[in-house]
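> let me see the structure of the following:
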Amino acid sequence: MADDQSLRADLRERVDALLAAHPPATTPRLEFLRARYDAGLAWVSFPEGHGGLGLPAALQGEVDARLDAAGAPDNNPRGNGIGLGMAAPTILAFGTEEQKQRFLRPLWTGEQIWCQLFSEPGAGSDLANLGTRAVRDGDEWVVNGQKVWTSVAHIADFAILVARTDPDAVKHAGLTYFLCDMSDPGVEVRPLRQITGEAEFNEVFLTDVRIPDANRLGAEGQGWRVATATLNQERVSIGGRAAARESGLIGVVAREWRDRPDRRTPDLHDRLLRLWVDAEVARLTGVRLRQKLATGRPGPEGAAMKITFARINQQLSGLELELLGEDALRYSDWTLVRPTEVDMTGRDAGYRYLRAKGNSIEGGTSEILRNIVAERVLGLPPEPRVDKDAPWKELQK
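Now for the predicted structure:
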């Protein structure tokens with residue numbers, strides 16, 4: 001207990017020293033964020049010299065709360081979710097010292113926005129089937145291929161990229177992971193208009209893009225191992241975020257219920273109560289998961305949280321439409337815009353209903369994630385491999 005108290009006291013002193021040297025009211029935002037990173041108060045669980053102090057991750061909340069109370073600026077975590085939630089922990093786990101020094105600080109301060117070049121038109125859920133090729137040319141890799149469903153690619157400075165470097169190896173073994181500069185020649189970003197009317201996602205074409213070998217993350221051929229670590233982080237960041245009671249979509253629908261007594265029915269009441277309990281159970285499970293993550297890296301449990309997040313969002317958005325009746329038919333804006341973040345609570349009900357359809361696809365489809373939970377969490381046997389050509393072979397006999 002004494003050690004814990006001394007840790008917390010030392011942390012408070014560090015926060016106070018940062019605030020004294022860089023008063024939030026008079027210090028430019030970027031200058032303050034850089035000073036916070038250098039003081040080890042960005043990610044306290046990260047090593048010293050990389051924005052942290054090597055402390056338990058559970059202490060981060062205390063730092064954030066004290067700085068928020070002092071009016072300190074944040075690093076706009078929603079605007080760089082892929083960088084903060086996926087790229088940063090992966091670079092920390094697999095990057096060289098030079099890569100950590102180069103990328104982590106500007107990533108955390110928001111000076112560099114990141115996107116994810118994983119999915120392809122023919123390799124979404126089956127990511128290991130990707131066809132984007134990277135061929136070694138001296139100290140560089142020449143990359144050609146197409147990526148799809150790439151959030152914020154239109155504003156991103158860098159991307160985490162998985163490409164096939166050994167076409168002769170079994171598909172999981174022939175991949176390599178890279179850090180791609182989105183401003184390099186040969187990188188073309190095109191908008192993908194969605195059912196919401198927006199182009200939140202993009203498709204990215206890579207034509208003879210040259211990536212230095214110094215930007216390879218992890219060993220050649222070990223891309224699947226690195227990508228798996230990234231995907232585990234992604235599922236936690238989507239489904240296991242810190243949230244207050246009745247925050248998010250459940251809060252929106254609960255308020256609609258309270259404001260519309262004329263639309264209440266016993267059936268809607270029963271469904272809302274069940275979803276309220278589901279949302280609260282998911283929130284508390286997320287708290288437990290983050291406590292577990294404070295002692296190690298995320299595992300497949302994040303897949304269960306992400307499945308639950310998608311199911312609850314879709315059911316709540318559908319319930320909201322029923323509660324609103326004809327008012328739900330109004331759609332505020334169908335203009336083609338390219339947003340930088342998803343706002344599920346600040347938009348109208350029609351947008352929420354349409355956008356929630358993507359929750360069971362992005363970050364790993366719910367079908368694939370159920371297999372992960374079944375096999376890697378519950379320990380169930382994998383599905384038997386079916387020979388799709390068996391009926392034809394039988395006819396040939």
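> correct me, but residue 200 touches residue 344?
No - here residue 200 does not reach residue 344: they are 11.8 Å apart, not a contact under CB atoms under 8 Å. Just so you know, the C-beta spots here come from the backbone N, C-alpha and C atoms, and that holds for glycine as well.
> looking at these two, which is more packed in?
Neighbour comparison, residue 200 and residue 344: the larger count goes to residue 200, with 21 against 16 (by other CB atoms under 10 Å).
> with adjacent residues omitted, what lies nearest to that one?
residue 339 (5.3 Å; CB to CB, 6 or more residues apart in numbering).
> per-residue pLDDT, the one you found?
Residue 339 carries a pLDDT value of 87.
> show the backbone phi and psi for it.
Backbone torsions of residue 339, given as degrees, to the nearest 10, read phi -70, psi 160.
> how close does it get to residue 252?
Going from residue 339 to residue 252 by CB to CB, to the nearest Å gives 18 Å.
> comparing those two, which shows the higher neighbour count?
Legend: neighbour count by other CB under 10 Å for residue 339 and residue 252, higher for residue 252 (20 against 14).
> does the more buried one touch residue 345 like I think?
Yes - with contacts counted by CB under 8 Å, residue 252 reaches residue 345, the gap being 5.5 Å.
> which residues are common contacts for these two?
Common neighbours of residue 252 and residue 345 (criterion: CB atoms under 8 Å, 6 or more residues apart in numbering): none identified.
> the longest strand in the chain is where?
Identified as the longest strand of the chain according to DSSP state E is strand 201-212.
> tell me how far stretch 225-234 lies from the chain's centre.
Once both centres are worked out by CA atoms, centre = their mean, to the nearest Å, stretch 225-234 turns out to sit 10 Å from its chain's centre.
> flag every buried residue along that stretch.
Buried residues in stretch 225-234, counted by 16 or more other CB atoms under 10 Å: 226, 227, 229, 230, 231, 232, 233, 234.
> related to what we said a few turns ago, roughly how far is the longest strand of the chain from the heart of the chain?
Using CA atoms, centre = their mean, the offset of strand 201-212 from its chain centre is 21 Å.
> any residues touching the very next helix or strand once past that strand, and which ones?
Later in the chain than strand 201-212, the nearest helix or strand by DSSP states H and E is strand 216-217. For strand 216-217, the surrounding residues in contact (CB under 8 Å, 6+ apart) are 90, 91, 94, 95, 99, 141, 160, 176, 177, 178, 179, 226.
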